[in-house]
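> model this:
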Amino acid sequence: MGETIRFGVSLDSDLLDRFDSLCKEKSYQTRSEAIRDLIRSMLVQRQWESAEGEVAGTLTLVYDHHHSGLAQKLTELQHDHHEVVLSTMHVHLDHSNCLEVLVLKGPAEAIKSLGQKLISTKGVKHGNLCLTTTGQELA
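Here you go, the predicted model:
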């Protein structure tokens, strides 16, 4: 971790008021903590958008388990990419609908590709891939 540097930021007073309200709502003790989180968030987003390096994330799927062969197809895709699938959780939402959450870690391109394959599988009602950093490159 590098040394702490202090710097000034000029903002419109209305924007600062809105930011202070957000900081309070999100329970930040100081503006600095909130600004650090914003910077990290932008760096993480840039990392996975550029599909470079190792990322971690979750993939959430909602699907109808009555759809013929769907559960088997999803399981096969996960096994085909076992090197990036760390864990899965399966939840029965109701008689027909299941929610599955996968925890993923690996090369950004591989994670994004697997996510798209699973989300686009016929019978999946909704999917959302949420990527983050492994933390290795963040201070």
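
> Just say helix, strand or coil for residue 59.
For residue 59, the assignment made with DSSP: H, G, I helix; E, B strand; the rest coil gives strand.

> what does the helix or strand hosting residue 109 contact?
In this structure, residue 109 sits in helix 108-119 according to DSSP states H and E. Contacting residues not belonging to helix 108-119 are listed as 47-48, 50-55, 57, 59, 61, 74, 77-78, 81, 83-85, 102, 104-105, 124, 127-129, 131 [CB atoms under 8 Å, 6 or more residues apart in numbering]. (Each C-beta comes from the backbone N, C-alpha and C, glycine too.)

> name the element residue 40 belongs to?
Using DSSP H and E, residue 40 falls in helix 31-49.

> other SSEs contacting that helix?
For helix 31-49, the packing partners by 3 or more CB pairs under 8 Å, 6 or more residues apart in numbering; DSSP states H and E come out as helix 13-25, strand 54-64, helix 108-119, strand 124-133.

> Name the nearest residue to residue 128, ignoring sequence neighbours.
Counting by CB to CB, 6 or more residues apart in numbering, residue 128 lies nearest to residue 60, which is 4.9 Å off, once chain neighbours are set aside.

> what about the one you found, distance to residue 67?
Using CB to CB, to the nearest Å, residue 60 is found at 17 Å from residue 67.

> picking that back up, the residue nearest to residue 128 contacts residue 100, correct?
Yes: because the distance of 7.4 Å satisfies CB atoms under 8 Å, residue 60 is recorded as touching residue 100.

> Please identify which of the two sits among more neighbours.
Neighbours were counted for residue 60 and for residue 100 using other CB atoms under 10 Å; residue 100 has more, 21 against 15.

> dump the residue contacts of the more buried one.
60, 61, 63, 74, 88, 89, 90, 91.

> partner residues bridging the fifth one?
To tie it back to what came earlier, the one meant is residue 88. residue 102 (DSSP bridges).

> For it, give me its contacts.
Per CB under 8 Å, 6+ apart, neighbours of residue 88: 78, 100, 101, 102, 103.

> Buried ones among those residues?
With neighbours counted by 16 or more other CB atoms under 10 Å, the contacts of residue 88 contain buried members at 78, 100, 102.

> any idea which of those is closest to residue 33?
residue 102 (30.8 Å; CB to CB).
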